[in-house]
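Colleague: Sequence isn't available, so here's the structure alone:
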């Protein structure tokens, strides 16, 4: 081979692979070192991340859950494999995900090389490598990093020449694996072979066969454990309802019947659905029930649904971080790590991606497999709800479209179209800058960390900010009240719970806690009223009955108090407090009337 050609080929490879990889690796190492050493969220996990950690612990211990998978199962098995090798070491997890993230950069570059000119491909891959969102999620215990790598691998294999039958089968296997990490990718595995069927029947059958080889064992397993028809995960119905209900604003909205707590949502959603249906539902039937609930709201509120879809589209295009278990804006504003200014890469990327999508000269360069993949992601985001975690799967497609737009979209009327698009993107950027980015959850999470460190004054300030942002969120009232109680100020704690009670937010447990606080500050009459209401709402809560017994004992109604203690002990035999109270009452008089409280 000619020496000059070899040298030119070497330069091409450096441009395609070394430049984006070096940029992405430098950013990731810099960010991870600072994140691991200075960000408290690196060691303290919440919400979905904590759930995946607990799930991985069970798998590593050989005690994996026996019910149908509620979420896509691949990621906790990925974590458990790391735990078996390195022990439960979160730094090892972050390091492994950094490696996977760098592999994704190479796949983005390799795919770009397949259909873009050299400079455009290198620019597209570098833009992806420096975008802050993939880096952020590589530092979290979320499945997106693994799902994105598997999806990119499936796409790379899918765009091979038609005669590569092994490539078609390998692409089907990779698509199946990606679906086990993110269940909405199931739709790509179903639709892509249909696209192939007309012109490449053998390849389509090989892809579909390999895809279902991966999926069918999971479906069979979910059927075998009594979960019903659940191809991968049983949460689709609840996710649809959380994205399509009166409180939804484009992202996840609260559902009155369901507590959005991932630790209990699987069992709670089945229990509530079974109660409403009047029979015991399996996991698949419960998911279908919540789908119907969401569709009922859509049919009853067509105008509101149109507005909701427009909000989803706005969030889909935005660089505004839409949190789901993690908050990029909150963390980068307070702790070292990913430079926040890198978010501005999103807007030129979006501008040239829009140009690439609108210009047929550029759009024709994008392989059909990539367009099908992008269409599936957009559809599922608009069908369910938008979160940056889910939009992340579209980021490589945006980079490729931007490269195509820059390389092929600027001829003819392209510059005029770019000039027309630019003000729209600028307006979007300005709207993002002015949007309220304050979310209560990270304040409460950081407050929890500070309380564990004994920094109670700082914790109280953070809980107060969480309550200011979300005054109707009961857990923020509870957290702030408990912080005041730990510092010995029961009156301040009661004053935090009181507004929630007056607003009708409090459940039986919170009313029981409020009653206990009222007892501490000497308001026995009000405590008794609140505790009896708590028992009416949740009659099987043992602690509330015990607290009512304390009120009755303090006001001299010994027989009634003893009855409450016995009921509490029956409801929770493992609690020693009611037994001690009964022993305390054994030698006391049992008048059925209160004593004179002035004595």
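Modeller: Perfect, I can see it now. This one's a predicted model, so the numbers in the text were calculated from it and none came from an experiment.

Colleague: Touching, residue 317 and residue 350? I think so.
Modeller: Yes: counting by Cβ atoms under 8 Å, residue 317 touches residue 350, with 6.5 Å between them. C-beta coordinates here come from the backbone N, C-alpha and C atoms, glycine included.

Colleague: Identify the contacts common to those two.
Modeller: Overlap of the contact sets of residue 317 and residue 350 (by Cβ atoms under 8 Å, 6 or more residues apart in numbering) consists of residue 428.

Colleague: okay but residue 428 is in contact with residue 320, surely?
Modeller: No: between residue 428 and residue 320 there is no contact under Cβ under 8 Å: 9.1 Å.

Colleague: Below-threshold pLDDT in the stretch 201-350 of the chain: ranges please.
Modeller: Within the stretch 201-350 of the chain, the segments meeting pLDDT under 70 span 260.

Colleague: Which parts of it are helices?
Modeller: 201-224, 236-243, 262-277, 283-300, 302-317, 328-334, 346-358 (DSSP state H, counting those that start in this stretch).

Colleague: Moving C-terminal from the last one, which element do we reach first?
Modeller: Same thing as helix 346-358. Past helix 346-358, further along toward the C-terminus, the next helix or strand under DSSP states H and E is helix 360-363.

Colleague: tell me what that following helix is packed against?
Modeller: Packing partners of helix 360-363 (3 or more Cβ pairs under 8 Å, 6 or more residues apart in numbering; DSSP states H and E): helix 346-358, helix 395-408.

Colleague: So which residues make contact with it?
Modeller: Contacts of helix 360-363 (Cβ under 8 Å, 6+ apart): 355, 356, 357, 401, 404, 405, 407, 408, 409, 411, 412, 414.

Colleague: now these: which count as buried?
Modeller: Using 16 or more other Cβ atoms under 10 Å as the burial test, the contacts of helix 360-363 include 355, 356, 357, 401, 404, 405, 407, 408, 409, 414 as buried.

Colleague: ok, so of those residues, who is nearest residue 374?
Modeller: Within those, the smallest distance to residue 374 is 8.2 Å, found for residue 401 (Cβ to Cβ).

Colleague: Report the separation between residue 113 and residue 17.
Modeller: From residue 113 across to residue 17, the span is 8 Å (Cβ to Cβ, to the nearest Å).

Colleague: More neighbours: which of these two?
Modeller: Neighbours were counted for residue 113 and for residue 17 using other Cβ atoms under 10 Å; residue 113 has more, 20 against 17.

Colleague: tell me the contacts of that one?
Modeller: By Cβ under 8 Å, 6+ apart, residue 113 lies in contact with 16, 121.

Colleague: Renumber starting at 28 from here on
Modeller: Okay, using 28 as the starting number, the last item reads as residue 140.

Colleague: Next up, phi/psi of it, please.
Modeller: phi -60, psi -30 (degrees, to the nearest 10).

Colleague: Spell out the residue ranges of the helices in the stretch 78-227 of the chain.
Modeller: Under DSSP H, counting those that start in this stretch, the stretch 78-227 of the chain gives helices at 101-113, 117-142, 145-157, 159-165, 171-185, 192-208, 213-224.

Colleague: scratch that, the stretch 428-577 of the chain is what I was asking about
Modeller: Counting by DSSP H, counting those that start in this stretch, the helices of the stretch 428-577 of the chain are 441-461, 467-479, 483-496, 501-513, 517-529, 535-547, 551-564, 569-581.

Colleague: Output the lowest mean pLDDT helix or strand found in the protein.
Modeller: When the helices and strands of the chain are scored by mean pLDDT, DSSP states H and E, helix 30-40 comes last with a mean of 53.

Colleague: Now that residue 56 has come up, it's in contact with residue 128, right?
Modeller: No: taking contacts as Cβ under 8 Å, residue 56 lies outside contact range of residue 128: 11.0 Å.

Colleague: excluding its backbone neighbours, what's nearest the residue positioned nearest the centre of the chain?
Modeller: Per Cα atoms, centre = their mean, the C-alpha nearest to the average position across the chain is that of residue 351, at 3.9 Å. Take residue 351 and drop its neighbours on the chain: the residue closest to it by Cβ to Cβ, 6 or more residues apart in numbering is residue 414, 4.0 Å away.
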